[in-house]
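*Asks:* Structure here, sequence nowhere to be found:
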């Protein structure tokens, strides 16, 4: 393939290779986006001339080390765009294993060795340069990294939570600050206008998150874009937008942050236990006697099978959060104590995967899994609990006599819901587990069935027994003749 002097992007999934012809020699750099769907998080691997930079790595370090080894390269820098709230980064472990330097933008104050860069400071990675652009607003230390090629051409930005595709970072996640979210939103307005929007339109935007993340309101499902496109389509980058309008639009309609967010910030800022030690502690087979002993001593039973398996039979007082869904996010939203000891009911072969996903949000308390799982429990003569599930058609036949509980997110509920439904979002259910009447029977639904089983398991752990799942959730309800509304009914505002 012949290349002209312009940037050519060859998309070979999951990697993106850039080949640039210069008058001296071809320059080849490799940028790979490592996107984790269950967290809607993007980490980045950048390699040039045998040197590697990693941006916002996940907790487990093996993928980055293996990629560098395959390229015959060494990891030189680990760049953090900010102290993350929605996941625990792998920066500390990765630095310890590779000798790479951790880099933060101005004002960061980590509890471990790191380079605190100045605004506009430059770092060399092979033939490339990464320039620090301090872009406070999402948090005070938030920074964007500008990629510059060998001949000084600005090529891409790694924008963290400053700029997403379709959105910008929410201004209410900084911890230990005297600044209001309105003041942080004003700082973000300035950062975007003075540091980001002044860059060329052909700059590639590599954001920290995509759709599904709680770090923004309106993120695109795309994970790579062009800055020029964002200037045209992103509501927060409108050319005619005033500072006051930006602050108002950015701060309106922000749902409360999940309870684990500030806890993850502190782990990212202060450091954490080695992932290898966490895995060694948690990936341990337990006999039934050992399992029961740990439960008696306060360990939480976490069942990570599918919801269809769980409803057919589960160990009493188990909490269901299936690996087949957005597992880590719901662990963080539902399990309040980040240091909670956890024993697992897990499909064979998925033990390490479960511990890894728990650690990504700082839940390092796994102490083992029940050897043989549910079969071991029943073969010892123990009885399982079950959840009744009924069809949406059955609900349609008796709508006037059932109490429906909708556990979807506020925006989902406000878009469309059953007029007689009580809204009790799973995101904040742990904040008030006494909202329902334990003597009343409730039919529970979410969008498709995953979250409703989490909700029912959580409520059953807290003394509720008259709970019935609506199979297929709101998607199945929509296929019936049950009336829905796009407006919140007065009867639900209690």
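*Replies:* Yep, it's here. Since the structure is predicted, the reported quantities are computational estimates derived from the model, not experimental observations.

*Asks:* Going along the chain, name the strands of the stretch 201-350 of the chain.
*Replies:* 204-207, 225-226, 285-286, 300-303, 319-320, 342-345 (DSSP state E, counting those that start in this stretch).

*Asks:* wait, which of those is closest to residue 247?
*Replies:* In terms of C-beta to C-beta, the element of the strands of the stretch 201-350 of the chain nearest to residue 247 is strand 204-207, at 21.4 Å. For the C-beta atoms, the positions are set from N, CA and C on the backbone; glycine is no exception.

*Asks:* For stretch 92-112, measure first residue to last.
*Replies:* End-to-end span of stretch 92-112 (C-alpha to C-alpha, to the nearest Å): 8 Å.

*Asks:* Just the mean pLDDT for that stretch, thanks.
*Replies:* In this model, stretch 92-112 has an average pLDDT of 98.

*Asks:* Buried residues, it. List them.
*Replies:* 92-95, 97-98, 100, 102-106, 108, 110 (16 or more other C-beta atoms under 10 Å).

*Asks:* Centre of the chain to it, how far?
*Replies:* Centroid separation for stretch 92-112 versus its chain: 21 Å, with C-alpha atoms, centre = their mean, to the nearest Å.

*Asks:* Take the buried residues of stretch 92-112 and lay them out in a markdown table including secondary structure and distance to residue 359.
*Replies:* Formatted as a markdown table, the buried residues of stretch 92-112 follow (DSSP: H, G, I helix; E, B strand; the rest coil; distance: C-beta to C-beta, whole Å):
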| residue | secondary structure | distance to residue 359 |
| --- | --- | --- |
| 92 | helix | 12 |
| 93 | helix | 10 |
| 94 | helix | 14 |
| 95 | helix | 17 |
| 97 | helix | 16 |
| 98 | helix | 19 |
| 100 | coil | 20 |
| 102 | strand | 19 |
| 103 | strand | 23 |
| 104 | strand | 22 |
| 105 | coil | 25 |
| 106 | coil | 29 |
| 108 | coil | 23 |
| 110 | coil | 19 |
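
*Asks:* what's near enough to touch the nearest residue to residue 208 once chain neighbours are set aside?
*Replies:* Spatial nearest neighbour of residue 208, chain neighbours left out: residue 160 (4.3 Å); criterion: C-beta to C-beta, 6 or more residues apart in numbering. Going by C-beta atoms under 8 Å, 6 or more residues apart in numbering, residue 160 touches 56, 81-82, 138, 142-144, 169, 207-208.

*Asks:* burial measure for the spatially closest residue to residue 109 that is not a sequence neighbour, as a count.
*Replies:* Spatial nearest neighbour of residue 109, excluding adjacent residues (C-beta to C-beta, 6+ apart): residue 269 at 7.3 Å. Using other C-beta atoms under 10 Å, residue 269 has 18 neighbouring residues.

*Asks:* same thing with residue 448?
*Replies:* 16.

*Asks:* So in terms of bridging, what pairs with the residue nearest to residue 208?
*Replies:* Counting by DSSP bridges, residue 160 is bridged to residue 207.

*Asks:* what's the distance between it and residue 386?
*Replies:* 45 Å (C-beta to C-beta, to the nearest Å).

*Asks:* pretty sure residue 370 contacts residue 344?
*Replies:* Yes - Residue 370 is in contact with residue 344 according to C-beta atoms under 8 Å; the separation is 7.0 Å.

*Asks:* in stretch 418-433, what counts as buried?
*Replies:* Buried residues in stretch 418-433, defined by neighbour count with 16+ other C-beta under 10 Å: 418-429.

*Asks:* Oops, could you answer that again for stretch 200-207 instead?
*Replies:* 203-207.

*Asks:* Just the closest of the residues you listed to residue 436, please.
*Replies:* residue 207 (38.7 Å).

*Asks:* hang on, the earlier thing: most widely separated two among the buried residues of stretch 92-112?
*Replies:* Using C-beta to C-beta, the buried residues of stretch 92-112 reach their maximum pairwise distance at 97 and 106, which is 26.9 Å.

*Asks:* Okay, now the unreliable bits of the protein?
*Replies:* 1-27, 216-217, 486-494 (pLDDT under 70).

*Asks:* what about residue 431, distance to residue 334?
*Replies:* Residue 431 is 11 Å from residue 334, by C-beta to C-beta.

*Asks:* Please apply the same query to residue 136.
*Replies:* 32 Å.

*Asks:* and what of residue 359?
*Replies:* 17 Å.

*Asks:* Likewise for residue 393?
*Replies:* From residue 393 to residue 334 the distance is 30 Å (C-beta to C-beta).

*Asks:* same question, residue 279
*Replies:* 22 Å.

*Asks:* So which of the two has more stuff around it?
*Replies:* Legend: neighbour count by other C-beta under 10 Å for residue 279 and residue 334, higher for residue 334 (23 against 17).

*Asks:* OK, contacts around the more buried one?
*Replies:* Per C-beta under 8 Å, 6+ apart, neighbours of residue 334: 319, 321, 426, 429-430, 454, 458.

*Asks:* Okay, and which of the residues you listed map to helices?
*Replies:* 454, 458 (DSSP state H).

*Asks:* right, and out of the contacts of residue 334, which lies closest to residue 288?
*Replies:* Distance to residue 288 across the contacts of residue 334 (C-beta to C-beta) is lowest for residue 319, with 18.9 Å.

*Asks:* Tell me what the closest one is bridged to.
*Replies:* Going by DSSP bridges, residue 319 forms beta bridges with residue 302.

*Asks:* List the contacts of stretch 398-414.
*Replies:* Under C-beta under 8 Å, 6+ apart, the answer for stretch 398-414 is 255, 395, 417-418, 420-427, 429, 436, 440-447, 451-452, 455, 470, 474, 482, 486, 488.

*Asks:* can we see that at 6 Å?
*Replies:* Contact with stretch 398-414 is made by 417-418, 421-426, 442-444, 446-447, 451-452, 455, 482, as judged by C-beta atoms under 6 Å, 6 or more residues apart in numbering.

*Asks:* And stretch 122-132, by the same measure?
*Replies:* So stretch 122-132 is in contact with 27, 29, 48-49, 51, 53, 77, 105, 117, 121, 143, 145-146, 148, 150, going by C-beta under 6 Å, 6+ apart.

*Asks:* If you rank the residues you listed by neighbours, which is first?
*Replies:* residue 143 (30 neighbours).

*Asks:* and the nearest residue to that one once chain neighbours are set aside, what does it touch?
*Replies:* Counting by C-beta to C-beta, 6+ apart, the nearest residue to residue 143 once its immediate chain neighbours are dropped is residue 105, at 2.7 Å. Going by C-beta under 6 Å, 6+ apart, residue 105 touches 117, 132, 134, 141, 143.

*Asks:* In a strand, the second one, correct?
*Replies:* Yes - the assignment for residue 132 is a strand, going by DSSP: H, G, I helix; E, B strand; the rest coil.

*Asks:* Okay, domains of this structure per the record?
*Replies:* 8-262, 273-379, 388-492 (automatic domain parsing).

*Asks:* Please report the separation between the first and final residues of the second one.
*Replies:* Looking back up the chat, that one is domain 273-379. Per C-alpha to C-alpha, the first residue of domain 273-379 is 37 Å away from its last.

*Asks:* Can you give the contact residues for stretch 358-370?
*Replies:* By C-beta under 6 Å, 6+ apart, stretch 358-370 touches 58-59, 87-88, 264, 267, 273, 275, 278, 282, 284, 286, 291, 328, 331-332, 338-346, 351, 355.

*Asks:* Give me the distance from that stretch to the chain's centre.
*Replies:* 17 Å.

*Asks:* end to end, how far does it reach?
*Replies:* End-to-end for stretch 358-370, by C-alpha to C-alpha: 17 Å.

*Asks:* Spell out the residue ranges of the helices in the stretch 51-200 of the chain.
*Replies:* Assigned helices in the stretch 51-200 of the chain, in chain order: 62-70, 91-98, 181-191 (criterion: DSSP state H, counting those that start in this stretch).
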